[in-house]
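Chemist: Here is my input; please provide its structure:
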Amino acid sequence: MRTTNRNRVAAGVTAVFLGVSFALGSGLTVPALAADTATASSVILGVGANETQRIVTWYSSADTAQQVQLAPTASLAADGGFPAGSVTFAATGAANIATSGGYNRHSTITGLSEETAYSYRVGSEGNWSATYAFKTQDFEGDYDFLFYGDPQIGASGNVAKDQAGWTDTLDVSLAANPDAELLVSGGDQVETANTESQWNAFLASDKLRQYPWAATIGNHDVGGKAYEQHLYTPNTDRSAKYYADGSGATTSGGDYWFIYKDTLFIDLNSNSYKNGSGGGDDAHVAYVTDVIKNHGGEAKWTVLVYHHSIYSAASHAKDADNKLRRVDFPTTFSNLGVDLVLQGHDHVYTRSYLIKNGAKANADEQPGDSEVFAGPGGVLYVTANSASGSKYYDITTPDSSGTSGAGNGADPLKPEDYWYNSVQNQEHVRSYIKVEVRNDKLVVANVRSGTCAAPNASVELGSSCANTDAAGQTVGSVVDKVTVHPYHGDNQDVQVSVPTPAPGEFGWTIDGHNGLVDLGTAVQQSGDYYLTAAGTINPIVVSDSRRTLAPWSISASAGDFTDAGKTFPGSYLGWSPYLVKEGAGAYAGSTVTTAYDDGSGLGRSSVLGYAEQGHARGSATLGADLDLKVPDSVEKGNYRTTLTITALSS
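Modeler: All right, here's what the predicted structure looks like:
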């Protein structure tokens with residue numbers, strides 16, 4: 001079950017329509033006891049525990065009671081004034097460290113509605129900040145997020161140039177992807193942990209007040225408390241073992257997780273590693289295991305994010321700490337069904353082969369393959385280059401240390417690259433990574449956000465540049481793109497999307513790739529009180545060359561369709577079996593009608609195909625048309641079930 005704050009209000013079509021008015025959020029207005037003259041700064045919008053939440057963090061010049069005020073943008077007055085009774089959310093915080101000065105505040109906005117534009121401001125009555133805006137989108141279905149490597153403002157030695165490059169990457173990436181729903185950090189927001197001028201430059205763009213930032217702590221962020229002052233994160237375990245110094249007294253740290261639209265994100269403080277003072281890799285492995293055990297069932301995808309890239313190609317590829325992580329992490333990630341790992345630190349772009357248990361998962365995968373099929377335990381690891389242009393690291397040469405585990409040996413298919421990398425790229429230009437999250441695939445692309453021209457601090461200050469517009473390497477062009485198809489096991493997963501407002505081998509193998517059977521979006525039937533969807537199973541090839549010519553049958557049953565805490569019975573799914581290809585004496589099973597039509601549906605095991613004693617040897621291909629009928633009372637959602645296939649023979 002998902003947490004209760006993930007439950008959503010949906011209106012169903014029934015005999016009587018009920019309208020309900022309710023206040024958005026649960027924050028309490030804190031009355032000002034005296035005139036508040038505090039000045040707010042460094043405002044940033046962060047992710048919440050799920051898509052119905054956002055966390056706002058800011059600095060205050062005075063220690064006063066403050067809050068976030070929120071209203072639908074459409075309700076604001078012509079002069080931008082907030083309507084009377086606008087909901088507020090109380091802020092908490094503490095005094096900043098001396099080098100930062102002032103106070104930090106954060107507040108969690110809850111109860112957001114989907115597909116709504118909101119405006120917000122921070123402070124108190126009579127002393128509000130400027131007004132900022134963000135919008136929510138559909139809380140179900142496909143979405144995109146953007147991943148940014150190491151802005152590291154100040155790394156070039158020129159904060160203004162670094163800020164210009166970082167701001168331009170945000171502008172370019174969001175102009176190209178205005179409906180991106182999350183901005184995910186690869187760590188190293190700044191060069192020096194507690195230098196507020198660098199934080200001011202990092203936070204200068206209003207894009208960071210319009211799109212939620214999923215923070216990641218890097219090695220340049222960890223050495224002070226400013227990271228925690230600026231970037232408050234949800235579901236965060238701040239136990240000492242998740243801090244590099246083993247205490248957190250003067251450093252930042254913690255591991256956290258959140259769920260966004262059927263994706264479980266887990267973010268680790270990789271500065272606490274095996275040879276350090278904190279709990280290290282063992283603590284992170286236990287954390288990931290526990291989070292996936294308790295929350296993995298609430299999501300269709302699992303994405304891990306941490307700073308130190310274990311499969312990179314530049315200056316940090318052979319670092320001792322990364323070799324340790326390369327041994328400590330991958331087998332756990334494979335066993336837990338992690339889909340994607342996003343990393344920074346090495347200021348270079350790399351895309352790994354699919355990695356299983358610390359080795360290349362599929363020997364047949366070729367360098368630069370544009371489509372990969374995960375199989376059991378296959379995980380994709382991606383390293384992001386600099387998003388600001390403040391610093392790039394050049395690709396280094398593999399050695400003879402081996403082609404699995406901690407080794408940095410050469411790829412037999414492309415000896416100039418490391419064994420683990422399908423793609424390596426360094427042009428000394430800014431870039432970002434776009435991830436398209438779809439029903440049954442992840443599409444990962446590295447996109448140029450700059451060229452050799454300014455703003456590109458490292459190049460402006462003397463670094464070479466290998467990029468050329470004439471080669472199609474313009475802003476917005478794609479460096480690399482791959483589609484990742486997940487592993488579905490030996491059974492078949494069936495999915496249907498129910499929309500608003502309605503309110504719906506003994507010898508056998510799957511013929512071809514076992515992809516998701518997507519029934520699409522259910523359709524409301526005019527004049528009736530149900531929705532329908534249809535599709536076709538992936539054909540099943542049955543082969544029988546036994547001399548006994550014994551009878552056989554292939555049956556299947558469907559479990560409940562679920563979307564986290566929402567569910568409807570598998571008996572609403574029926575089918576009409578048929579022979580795609582005759583052979584092996586096969587007959588098609590009988591049509592099974594849905595429970596909505598007073599049939600038994602596939603909630604109980606039903607025969608897809610069979611052959612009698614004495615049948616001919618050979619093979620047959622079995623198919624079936626699927627028929628789904630669900631009442632219009634089913635809540636909106638992206639529902640999945642598993643079609644469990646059983647083969648029987650004497």
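Chemist: use CA for all of it now, contacts and neighbours both
Modeler: Will do.
Chemist: What are the boundaries of the helices in the stretch 51-200 of the chain?
Modeler: Listed in chain order, the helices of the stretch 51-200 of the chain (DSSP state H, counting those that start in this stretch) span residues 159-176, 196-202.
Chemist: Dump the ones you listed to JSON lines, plus distance to G224.
Modeler: Shown next, in JSON lines, are the helices of the stretch 51-200 of the chain (distance: least, CA to CA, whole Å):
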{"stretch": "helix 159-176", "distance to G224": "19"}
{"stretch": "helix 196-202", "distance to G224": "11"}
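Chemist: among the ones you listed, which is nearest D411?
Modeler: Judged by CA to CA, the one of the helices of the stretch 51-200 of the chain that comes nearest to D411 is helix 159-176, at 32.3 Å.
Chemist: Looking at that closest one now, give me its mean pLDDT.
Modeler: For helix 159-176, the per-residue pLDDT values average out at 98.
Chemist: Residue ranges in the chain under the pLDDT threshold?
Modeler: By pLDDT under 70, the weakly predicted segments of the chain are 1-35, 275-277, 498-506, 650.
Chemist: and if we set it to 90?
Modeler: Under the criterion pLDDT under 90, the flagged ranges of the chain are 1-37, 273-279, 467-472, 488-515, 524-529, 543-550, 564-565, 584, 613-618, 646-650.
Chemist: give me phi/psi at G297?
Modeler: The phi/psi pair for G297 (degrees, to the nearest 10) reads phi -70, psi -10.
Chemist: how near is the residue nearest to it when sequence neighbours are not counted to S185?
Modeler: Nearest-residue entry for G297: A564, 7.3 Å, with adjacent residues in sequence omitted and distances by CA to CA, 6 or more residues apart in numbering. Separation of A564 from S185 (CA to CA, to the nearest Å) stands at 27 Å.
Chemist: Comparing the two, which residue is more hemmed in?
Modeler: The residue with more neighbours, out of A564 and S185, is S185; 27 against 21, by other CA atoms under 10 Å.
Chemist: show me the contacts for the more buried one.
Modeler: Shown in contact with S185 (CA atoms under 8 Å, 6 or more residues apart in numbering): F147, Y148, G149, D150, W213, A214, A215, T216.
Chemist: In strands only, show me these.
Modeler: Mapping the contacts of S185 onto strands (DSSP state E) picks out F147, Y148, W213, A214.
Chemist: In ChimeraX, select just the buried ones from those residues.
Modeler: Only the buried entries of the ones in strands among the contacts of S185 go into this ChimeraX selection, using 16 or more other CA atoms under 10 Å:
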select :147,148,213,214
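Chemist: With respect to Q495, which of the ones in strands among the contacts of S185 is nearest?
Modeler: Using CA to CA, the ones in strands among the contacts of S185 come closest to Q495 at F147, 27.9 Å.
Chemist: I figured the closest one hits V184, correct?
Modeler: Yes. When contacts are counted by CA atoms under 8 Å, F147 is listed as touching V184 (4.6 Å).
Chemist: Going by residue numbers, what spans are helices in this protein?
Modeler: According to DSSP state H, the chain carries its helices in the segments 159-176, 196-202, 207-210, 226-230, 280-295, 320-328, 330-335, 457-460.
Chemist: want to try CSV for the ones you listed, with mean neighbour count as columns?
Modeler: Formatted as CSV, those follow (neighbours: other CA atoms under 10 Å):
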stretch, mean neighbour count
helix 159-176, 22
helix 196-202, 20
helix 207-210, 20
helix 226-230, 23
helix 280-295, 18
helix 320-328, 19
helix 330-335, 20
helix 457-460, 24
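Chemist: okay, those in TSV with distance to G248 next?
Modeler: Shown next, in TSV, are these (distance: least, CA to CA, whole Å):
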stretch	distance to G248
helix 159-176	28
helix 196-202	20
helix 207-210	26
helix 226-230	10
helix 280-295	14
helix 320-328	20
helix 330-335	26
helix 457-460	33
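Chemist: Indicate which one of the ones you listed is closest to P577.
Modeler: So among these, helix 330-335 is nearest, using CA to CA, at 35.5 Å.
Chemist: how distant is that closest one from the center of its chain?
Modeler: For helix 330-335, the separation from the chain centroid amounts to 18 Å (computed by CA atoms, centre = their mean, to the nearest Å).
Chemist: Export that helix to PDB, keeping only CA atoms.
Modeler: Listed next in PDB are the C-alpha coordinates belonging to helix 330-335 (Å, rounded to 0.1, in the frame of the first residue of the first chain):
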ATOM      1  CA  PRO A 330      26.100  -3.800  -8.000                       C
ATOM      2  CA  THR A 331      25.100  -7.200  -6.800                       C
ATOM      3  CA  THR A 332      22.600  -5.700  -4.400                       C
ATOM      4  CA  PHE A 333      21.200  -3.400  -7.000                       C
ATOM      5  CA  SER A 334      20.800  -6.300  -9.400                       C
ATOM      6  CA  ASN A 335      19.100  -8.500  -6.900                       C
END
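Chemist: Show me what it is packed against.
Modeler: strand 355-356 (3 or more CA pairs under 8 Å, 6 or more residues apart in numbering; DSSP states H and E).
Chemist: what comes into contact with the strand it packs on?
Modeler: Contact partners of strand 355-356, identified using CA under 8 Å, 6+ apart, comprise P330, T331, S334, A361, G377, G378, V379, L380, Y381, Y420.
Chemist: Would you check that my belief about Y432 contacting N385 is correct?
Modeler: Yes. Between Y432 and N385 there is a contact under CA under 8 Å: 7.3 Å.
Chemist: who's more crowded, the two?
Modeler: Summary of the neighbour comparison: Y432 and N385, criterion other CA under 10 Å, with N385 having more neighbours (34 against 26).
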